[in-house]
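Trainee: got a predicted model here, sequence first, then my questions.
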Amino acid sequence: MMETQKILKPSRKILVICDFREKKIIDHLKIIGAAVNEISLEVGDFVCSERVCIEKKTGNDFVSSIIDGRIFEQARALKENFKNPIIIVEGYPTRRINENVLKGATASLIIDFAVPILTTRNPLDTAKTIYWIAKKEQSESKRGMAIKVGKKPKEMKRLQEFIVSGIPGVSLTLARRLLNRFGNIEKIFVAEEGDLQKVNGVGKKLAKRIRKVLTYKY
């Protein structure tokens, strides 16, 4: 867990603490009427209260973060530091991903990590969503403001193993062998059956099953 740093909030405005890199949404929040505190956030992109933090992804970044396992590390960090974390996916992804993998990852985020996922159309829609969440917390629930400071947890390897071992027939030991062989999750997902069989413990039958799971039409 990171240390909590309390933030003073303007009495008559809704305050959103924003990662300084989210320029488009910051501009929209200011126009809507929010008070914005721009800093470098170590967890999430927008803090709406002491218990609500939002991680924002574009559609394509959401897909990329599933493929490389980054989204699960971020979800774990959110959950460890905020009671009610949220993921917002902005826009529709154009990057290709197996639909079973996408649905499975989304289900894992919602069920295993207890992090809800909201979708928005564009930066303005995202800003409006963030504003009303912050308003609900600060005006109605009277929640204070706080951010987390400290080092991010480094659990990428464990999260990669978790994703790969979720494939039917793949144990944790075998997941580690696959990751050692291919280097990352994306390369495992696109590997041919013959290449998969080069890993100790992956026979013809299992290689065929892995490819079927990853390419089967939903």
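Mentor: Done, it's in. Numbers count the residues shown, from 1 in each chain.

Trainee: checking the residue nearest to the spatial centre of the chain next. Helix, strand or coil?
Mentor: For the chain, the residue nearest the mean C-alpha position is Ile71 (3.3 Å; CA atoms, centre = their mean). Secondary structure, DSSP: H, G, I helix; E, B strand; the rest coil: Ile71 is helix.

Trainee: ok, and the closest non-adjacent residue to it?
Mentor: Here the nearest residue to Ile71 in space, its sequence neighbours aside, is Ser65; by CB to CB, 6 or more residues apart in numbering that works out to 3.8 Å. Heads up, the C-betas are built off the backbone N, CA and C, glycines and all.

Trainee: which element, helix or strand, includes that neighbour?
Mentor: Ser65 is part of helix 59-67 when elements are defined by DSSP states H and E.

Trainee: do Val101 as well
Mentor: Going by DSSP H and E, Val101 is in helix 99-111.

Trainee: quick revisit: check contacts around the residue nearest to Ile71.
Mentor: By CB atoms under 8 Å, 6 or more residues apart in numbering, Ser65 lies in contact with 57, 71, 74.

Trainee: in contact with the first one, which residues?
Mentor: For Lys57, the residues meeting the contact criterion (CB under 8 Å, 6+ apart) are 65, 71, 87-90.

Trainee: sheet-wise, list the partners of the helix or strand hosting it with their directions.
Mentor: Following DSSP H and E, one finds Lys57 within strand 53-58. For strand 53-58, sheet partners with direction are given as strand 46-47 (antiparallel), strand 86-90 (parallel), following DSSP bridges.

Trainee: and that strand, how far from the chain's centre?
Mentor: Remark: strand 53-58 is offset 7 Å from the chain centroid, using CA atoms, centre = their mean, to the nearest Å.

Trainee: circling back: contacts only, for the residue nearest to the centre of the chain.
Mentor: Ile71 touches 57, 62, 65, 87, 105, 109, counting by CB under 8 Å, 6+ apart.

Trainee: separation between it and Lys83?
Mentor: 20 Å (CB to CB, to the nearest Å).

Trainee: name the next helix or strand downstream of the worst-scoring helix or strand of the chain on mean pLDDT, please.
Mentor: Within the chain, confidence by mean pLDDT, DSSP states H and E is lowest for strand 3-7 among all helices and strands, at a mean of 51. Per DSSP H and E, the first helix or strand lying C-terminal to strand 3-7 is strand 15-19.

Trainee: burial check on the closest residue to Gly194 other than its chain neighbours, number of neighbours?
Mentor: Among residues not flanking Gly194 along the chain, Ala207 sits closest, at 7.7 Å (CB to CB, 6+ apart). Per other CB atoms under 10 Å, the neighbour tally for Ala207 reads 20.

Trainee: buried set for the helix or strand containing Ala207?
Mentor: Secondary structure assignment for Ala207, by DSSP H and E: helix 204-215. If you call a residue buried by 16 or more other CB atoms under 10 Å, then helix 204-215 has these buried ones: 206-207, 209-210, 213.
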